[in-house]
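Enquirer: Next come a sequence and a model predicted from it.
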Amino acid sequence: MSQIITWLLAYIKLQEKIIIYLFVLLTCKNITPKVDTPISKKYRYLQVDELPIIEVFEKLDHNQLLAEYKAKHGKELKPIKRRNPKHKVPHNISCPRCQAPHVYIYDNNGGKGQYLCKICDFSFVKGQNYQKTISFKCPHCRKTLEKIKVRKQFIIHKCKNDSCSFYQHSLAVMTKKERKLFAQKPSAFKLHYIYREFTFDFKPLSKQSTVIPKVDITRIYSSKHILGLVLTYYVNYGLSSRNTASILEDIHGVDISHQTVLNYADAVSKYIKPYVDNYPYELSNSFCGDETYLKVNGKWQYLFFFFDALKKIILSYRISPDRDTEAAVRALDDTLKKIGQLPEDLTFVVDGNPIYQLAQHFFYQNGIHFDLRQVIGLTNNDEVSREYRPLKQIVERLNRTFKREYRTTFGFKSSAGSEAFTILFVAYFNFLRSHSALEAKRVPVIIPELKHIPNMPGKWIALISLAQEYIEGQQAS
């Protein structure tokens, strides 16, 4: 009883300090609180077209082709007899595909620069580079796509054929108002077929080896119970490292610095991460994702959460300095690896950010298929938003829960600190935190070894022990 009273007195003193500080901020005329919030912009509409026809440019040997022709027909393939002197082909022209000499090359368009090889039936244009191994062609008109723009993470290829059926259909469905605007500003409309070739190096669903932590937490100076207390105050109750150190001293008589709290959190996160990422979760078929903000070293970064909305399990927690396509791809990949065997009706519910459409297109190019449902804005102006907004709101509540825990830190001084706290938060949310939306307010993932441990510090230590056993098993295999 006396211990509870002592803790309450310390908590009241802390509240008094906070109230005095806020009162000074509100009454002092020369102090104006600086508003520092991340910029939120409306997402631009993005249309992603189907995949192009990909043709592989195969090098051939004209001598071998001539030998095969003779074996098949019983006679040699004769050189071209040119009856019209205007169709003469220069001696320096050879077929870029099979290297056939000029005597086997037709002038294919009356001296305008296009040629046709008699041996391999390949048409080519003088001066054009045919060294690339593949070419992209429009699936609607089979014309070769032209590279028009190079973005940070992809190259944009466009079909510029005005006779293409895709372009003609886009024109046909335009309203009179749209046609008038199109005549004034054509760049505001997308009418031609476009393909985005991704340039970042990433192989989806690839297995990664377990990173073995360099820090041995068994050699820390404090006892295991103190380590459990540190994690309980710092993660479960969302206290800052300084408040955690203060409570340990005031309530438990343990003198450690706030930096020691951060060191413990960083060390434990490295042990916990392989266990969290590779745990055999039993999942539903209801997945949603969203990104939120957190401040790292004075700059805003983005945390991508993907979540099993029914089982209340966090599947991805990717932190990125940029809210871009690669970050969305990696966050989705973290989730897909935990799902395992992908169901045919796999669907993700996300917001209107176009990076998720591009990420879906990236996976589609790699033979991985899933549906995407985008909930646009704050009002249900379309059928998809009306149907799937409840799922979107679930992951938004997860974002608020995380922010409530992380807000007391006033941001992180380094990327390592933000990653360590996020890993510990995910471990707490999945394995230790009871959820009111689940039956009997149980935790999302029930681990038998933790079920009968009476207090939270003990549960943290048991979870760390399981994580160590997992790492030792990976080392032995």
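Expert: Perfect, thanks for sending it. Numbers count the residues shown, from 1 in each chain.

Enquirer: Count residues in the vicinity of residue 416, would you?
Expert: Neighbour count of residue 416, defined by other CB atoms under 10 Å: 14. Every C-beta, even on glycine, is put in place using the N, C-alpha and C of the backbone.

Enquirer: And residue 240, by the same measure?
Expert: Neighbours of residue 240 (other CB under 10 Å): 17.

Enquirer: hey, what's residue 157 bridged with?
Expert: residue 147, residue 195 (DSSP bridges).

Enquirer: now it: how far from residue 96?
Expert: 21 Å (CB to CB, to the nearest Å).

Enquirer: neighbour-wise, which of those two wins?
Expert: Each of residue 157 and residue 96 has its neighbours counted (other CB under 10 Å); residue 157 has more, 21 against 18.

Enquirer: got the contact list for the more buried one?
Expert: Residue 157 is in contact with 52, 136, 145-148, 194-197, counting by CB atoms under 8 Å, 6 or more residues apart in numbering.

Enquirer: Just the pLDDT at it, thanks.
Expert: Note on residue 157: pLDDT of 90.

Enquirer: Now do stretch 340-360, average pLDDT.
Expert: 89.

Enquirer: Contacts for that stretch next, please.
Expert: Taking CB under 8 Å, 6+ apart as the rule, stretch 340-360 contacts 43-46, 48, 154, 196, 285, 287-291, 306, 309, 323-325, 327-329, 332, 335-336, 339, 368-377, 388, 391-392, 395.

Enquirer: So among those residues, which ones count as buried?
Expert: When the contacts of stretch 340-360 are checked for burial by 16 or more other CB atoms under 10 Å, the buried set is 43, 154, 196, 287-291, 306, 309, 323-325, 327-329, 332, 335-336, 339, 368, 370, 372-376, 388, 391-392, 395.

Enquirer: and the host helix or strand of residue 267, how far out from the chain's middle?
Expert: Residue 267 belongs to helix 258-278 when elements are defined using DSSP states H and E. Counting by CA atoms, centre = their mean, to the nearest Å, helix 258-278 is centred 23 Å from the centre of its parent chain.

Enquirer: now for the helix or strand that that helix is followed by, which elements pack on it?
Expert: For helix 258-278, the succeeding helix or strand toward the C-terminus, using DSSP H and E, is strand 287-296. Here strand 287-296 touches strand 299-308, strand 313-320, helix 325-339, strand 347-351, helix 383-406, helix 415-427, going by 3 or more CB pairs under 8 Å, 6 or more residues apart in numbering; DSSP states H and E.

Enquirer: end-to-end on stretch 247-261?
Expert: 12 Å (CA to CA, to the nearest Å).

Enquirer: before we move on, the earlier item: is it possible to get TSV of the helices and strands packed on strand 287-296 that adds distance to residue 64?
Expert: Converted to TSV, those look like this (distance: least, CB to CB, whole Å):
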stretch	distance to residue 64
strand 299-308	53
strand 313-320	51
helix 325-339	42
strand 347-351	50
helix 383-406	56
helix 415-427	56
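
Enquirer: So for residue 167, which of the ones you listed sits nearest?
Expert: helix 325-339 (25.6 Å; CB to CB).

Enquirer: Could you give the number of residues near the nearest residue to residue 412 once chain neighbours are set aside?
Expert: Leaving aside its sequence neighbours, residue 412 sits nearest to residue 418 (CB to CB, 6 or more residues apart in numbering; 4.1 Å). With neighbours defined by other CB under 10 Å, the count for residue 418 comes to 21.

Enquirer: Residue 418 against residue 318, yeah?
Expert: No. Counting by CB atoms under 8 Å, residue 318 is not a contact partner of residue 418; they are 11.7 Å apart.

Enquirer: before we move on, the earlier item: weakest of the helices and strands packed on strand 287-296 by average pLDDT?
Expert: helix 383-406 (a mean of 83).

Enquirer: so where is the stretch 51-200 of the chain shaky, pLDDT-wise?
Expert: 131-133 (pLDDT under 70).

Enquirer: quick one: the strands in it?
Expert: Assignment of strands within the stretch 51-200 of the chain using DSSP state E, counting those that start in this stretch yields the ranges 53-56, 105-107, 114-117, 123-125, 134-137, 146-150, 154-158, 194-198.

Enquirer: Show me which residues of the last one are buried.
Expert: What that stands for is strand 194-198. Of all the residues in strand 194-198, those buried under the rule 16+ other CB under 10 Å are 194-196, 198.

Enquirer: Point me to the residue sitting farthest from the middle of this structure.
Expert: Of all residues in the chain, residue 83 has its C-alpha farthest from the mean position, at 61.9 Å, by CA atoms, centre = their mean.

Enquirer: Distance check, the residue nearest the centre of the chain against residue 277.
Expert: Residue closest to the average C-alpha location in the chain (CA atoms, centre = their mean): residue 328, at 2.1 Å. The gap separating residue 328 from residue 277 is 18 Å, by CB to CB.

Enquirer: what do you get for residue 438?
Expert: Taking CB to CB, one finds residue 438 at 22 Å from residue 277.

Enquirer: So these two - more neighbours on which side?
Expert: residue 277 (18 against 14).

Enquirer: Could you report the pLDDT at residue 36?
Expert: 54.

Enquirer: let me fix that: residue 30
Expert: 47.

Enquirer: ok, now residue 283?
Expert: pLDDT, residue 283: 93.

Enquirer: Name all residues that make contact with the closest residue to it other than its chain neighbours.
Expert: What sits nearest to residue 283 in space, not counting adjacent residues and going by CB to CB, 6+ apart, is residue 308, at 5.1 Å. Residue 308 makes contacts with 281, 283-284, 286-287, 315, as judged by CB under 8 Å, 6+ apart.

Enquirer: Look up which residues are beta-bridged to residue 308.
Expert: Bridge pairing for residue 308 - DSSP bridges - gives residue 287, residue 313.

Enquirer: What separation do you get for it and residue 302?
Expert: 21 Å.

Enquirer: go on, residue 375?
Expert: 18 Å.

Enquirer: now swap in residue 62 and tell me
Expert: 55 Å.

Enquirer: related to what we said a few turns ago, okay if I get the strands of the stretch 51-200 of the chain as JSON lines plus distance to residue 447?
Expert: Shown next, in JSON lines, are the strands of the stretch 51-200 of the chain (distance: least, CB to CB, whole Å):
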{"stretch": "strand 53-56", "distance to residue 447": "47"}
{"stretch": "strand 105-107", "distance to residue 447": "73"}
{"stretch": "strand 114-117", "distance to residue 447": "68"}
{"stretch": "strand 123-125", "distance to residue 447": "65"}
{"stretch": "strand 134-137", "distance to residue 447": "49"}
{"stretch": "strand 146-150", "distance to residue 447": "49"}
{"stretch": "strand 154-158", "distance to residue 447": "42"}
{"stretch": "strand 194-198", "distance to residue 447": "39"}
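
Enquirer: hmm, back to that, which one of the contacts of residue 157 is nearest residue 237?
Expert: residue 196 (45.4 Å).

Enquirer: Now the closest one: closest residue in space that isn't a chain neighbour?
Expert: Take residue 196 and drop its neighbours on the chain: the residue closest to it by CB to CB, 6+ apart is residue 154, 4.4 Å away.

Enquirer: ok, now residue 419?
Expert: Nearest non-adjacent residue to residue 419 (CB to CB, 6+ apart): residue 319, at 6.0 Å.
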